[in-house]
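Asker: below are the sequence and a predicted model for it; my questions follow.
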Amino acid sequence: MSDQRTSALEYAEANKEQFLNSLKEILTIPSISTDPARVVDMQRAAEWVASQLRSLGMQKVKLYPTKKYPIVYGEWNVSKGMPTVLIYGHYDVQPVDPLELWKSQPFDPSKRGDSLFARGASDMKGQIVAAIKAIEAIVKTGGLPVNVKWIIEGEEEIGSPNLEAFIAEHKALLACDFALNPDSGMIGMDAPSITYALRGLAYFELKVFGPATDLHSGIYGGVVHNPANALAELIAGMHDEQGRVTLPGFYDTVLSLSDEERAEMARLPLSERHYLDQTGVPALAGEKGFSPIEQASARPTLDVNGLLSGFTGLGSKTVIPAWAMAKISMRLVPDQDPKEVHRQFLEYLNAKAPKDIRWELSVMAGGRASISSRDSAGVLAFINALEAAWGKRPYFKREGGSVPVVTYMQEILGVDSVLTGFGLPDDNLHAPNEKLHLPTWYKGINALIHFFLNLAE
């Protein structure tokens, strides 16, 4: 095995230019899933991924149709005695607007310094190609010694509306020991990372109604309860002085952080100064008793994402609005249930909403948080792989956001995901001038080579 490891790493070093050219190929395809005009490009991107899998000798390579964009599948089976890894990825990308802020064309990959600039370079075509090329290096130098399956979708950037049903309908096809999901990132170029927990989401639209129509504030001001005022009062009451959410029972099922986990999180190079610099705020806020990194990744939250009411144009118009609306999201942690949080929100509103207004609460989205073992065979193999590539122990981190596919794989397939990736915080994901730091990307390919070979030992 050590001979193959050396050969595979040497192959990767000798073929860096070829690897980069392959990445540039797929980056030229404008696979924007939210744009109906890009249907042909979405198909092209899916077929490009399938052709790459076939070139590696993968079996049963197929584009499975969904109600929108196809899912690419392929597999490599060597032995029932070897572990099976399910590799997840997505070939769709975000829109490029505003185009005028790009320094080069978003679908014409441009190398400047050590980085490659293009839409999808980091999120996540670069990560897919890293996995493909790591396996190519192993296949070309003795063969892949573990079982691999691929599930590469085209709808992640629009919420993966068809993925859950696909996984449920193809449980036997996707059966595996664990999943590898490189749709995450690193804390910094010298800080290899493994994400082991993700927050869930409960998203609502709250509407407050008062008078039948907008009213003249000079004639009716002081007579009716202004819906915008009422909404602001309700929102203000959703946190206490300690920064805790006041919905009844909101923290009842929250999984507490152990002392060991808090110590591991304290290793992360994410100080208060980091958050101040990243956000530009004059001071940090949040739940008392927890560090910024704990607040941002391991504690539940409630935030207003949008407010709308009354006259918002230029100039002035003295009205009492007929209604007011707020978009409110809650980031959830293990073991909170979005449906239970909905019930808690209703209980809060029933208790706190004044009787002189009417309100409606609509559920917009929801998903459970996920947490994975930090000592599984897959994670241990990846720890050693990152350490071999970077020469240092990787960091364990939680992500404050949500990755629904990780939850689907836990709940439907019964497997955890090794969540990683080689993007950096300044890669401008979803923004103009998205980039991929190539030295980090090449190290990532080496780490994946070590990972797959570690699993066989």
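Answerer: Looks like it arrived, so ask away.
Asker: now do the helices in the protein.
Answerer: 2-14, 16-27, 39-55, 125-139, 163-169, 217-220, 227-236, 259-266, 272-279, 292-297, 338-352, 377-390, 404-408, 438-455 (DSSP state H).
Asker: okay, the angle between the first one and helix 16-27?
Answerer: So that's helix 2-14. For helix 2-14 against helix 16-27, the angle by axes from the mean of the first three to the mean of the last three C-alpha atoms, to 10 degrees is 70 degrees.
Asker: give me the helices and strands touching helix 2-14, please.
Answerer: helix 125-139, helix 438-455 (3 or more C-beta pairs under 8 Å, 6 or more residues apart in numbering; DSSP states H and E). In this view, the C-beta of every residue, glycine as well, is placed from N, C-alpha and C.
Asker: what's the neighbour count on residue 57?
Answerer: Per other C-beta atoms under 10 Å, the neighbour tally for residue 57 reads 15.
Asker: I'd like the distance between it and residue 456.
Answerer: In this view, residue 57 and residue 456 are 17 Å apart by C-beta to C-beta, to the nearest Å.
Asker: and for residue 396?
Answerer: Residue 396 is 24 Å from residue 456, by C-beta to C-beta.
Asker: pLDDT weak spots in the chain?
Answerer: Applying pLDDT under 70 to the chain picks out residues 1.
Asker: circling back to that earlier point, buried deepest among the helices of the chain, which one?
Answerer: Mean neighbours per residue, mean count of other C-beta atoms under 10 Å, is largest over the helices of the chain for helix 125-139, with a mean of 25.
Asker: how about residue 183, nearest residue that isn't a chain neighbour?
Answerer: residue 124 (5.0 Å; C-beta to C-beta, 6 or more residues apart in numbering).
Asker: against residue 172, how distant is that neighbour?
Answerer: Residue 124 is 27 Å from residue 172, where distance means C-beta to C-beta.
Asker: what about the two, which has more around it?
Answerer: Per other C-beta under 10 Å, whichever of residue 124 and residue 172 has more neighbours is residue 124, with 27 against 6.
Asker: show me the beta-bridge partners of the closest residue to residue 267 other than its chain neighbours.
Answerer: Spatially, and ignoring its direct neighbours in sequence, residue 267 is nearest to residue 395 (6.2 Å; C-beta to C-beta, 6+ apart). Residue 395 has the following beta-bridge partners by DSSP bridges: residue 193.
Asker: count the residues that sit near residue 395.
Answerer: Quick note: residue 395 (other C-beta under 10 Å) scores 20 neighbours.
Asker: touching, it and residue 268? I think so.
Answerer: Yes - Residue 395 is within contact range of residue 268, at 5.6 Å (criterion: C-beta atoms under 8 Å).
Asker: between the two, which contacts overlap?
Answerer: Residues touching both residue 395 and residue 268 (C-beta atoms under 8 Å, 6 or more residues apart in numbering) are residue 187.
Asker: any idea how the protein splits into domains?
Answerer: Using automatic domain parsing, the domain parsing of the chain gives 2-198+369-455, 202-250+300-367.
Asker: what would those domains look like in CSV with distance to residue 292?
Answerer: Formatted as CSV, the domains of the chain follow (distance: least, C-beta to C-beta, whole Å):
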stretch, distance to residue 292
domain 2-198+369-455, 11
domain 202-250+300-367, 12
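Asker: closest to residue 278 out of those?
Answerer: The minimum distance between residue 278 and the domains of the chain falls on domain 2-198+369-455, with 8.0 Å, by C-beta to C-beta.
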